[in-house]
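**Q** take a look and give me a structure for this.
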Amino acid sequence: MYVDNAIEMWLDLHDRFSQGNGPRIFQLKQKIHALTQGSNGVSSYFTKLKILWDELREFRPTPPCSCGGMKDLLDYHHQDYVLQFLMGLNESFSQIRAQILMSDPLSPINKVFSLAIQEERQHSVGCFSPNMPFVSVAYGVASSSYNAYKGKKDKPFM
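**A** From the prediction side, this is the model:
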């Protein structure tokens, strides 16, 4: 191959060997949509998801903007992160998932992760059955405390 200058050579090499990011972006999006908690803990699941989000963001960076319009777009992206995380959680997190989805606006992803970790810890100590709503647990504790205060014998609430 003969070229007259370095620019022509660079352009020729670039055209021959450059690869688009489309296939990698496609793979990342597939992995993100297929990822579920499964047998992983919440922390492990979130870490895997965050790694994929970060890599995707490297391929699709947010353009700089001084008009303020990007704030709404970023808010939508953050909502998508929360929704994707919640969709992949196991069914044992259905109660906390419902509570998070009822909040308006949705909590930031780090707060949602924190709530899921707390829920997982409560499951691991056997504080309550995953099917028992939080309201009944709180009511049971309150009833137990009230009965103890009145001098009545506590009745188990589980």
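
**Q** where along this structure do the strands fall?
**A** With DSSP state E, there are no strands along the chain.

**Q** where does it dip in pLDDT?
**A** 1, 3, 17-19, 127-158 (pLDDT under 70).

**Q** how much space separates Ser66 from His78?
**A** Distance, Ser66 to His78, by CB to CB, to the nearest Å: 20 Å. For the C-beta atoms, the positions are set from N, CA and C on the backbone; glycine is no exception.

**Q** what about those two, which has more around it?
**A** More crowded of Ser66 and His78, by other CB atoms under 10 Å: His78, with 16 against 6.

**Q** how close does that one get to Trp53?
**A** 10 Å.

**Q** burial measure for the residue nearest to Gln84 when sequence neighbours are not counted, as a count.
**A** Nearest non-adjacent residue to Gln84, counting by CB to CB, 6 or more residues apart in numbering: Ile32, 6.4 Å away. Ile32: 18 surrounding residues under other CB under 10 Å.
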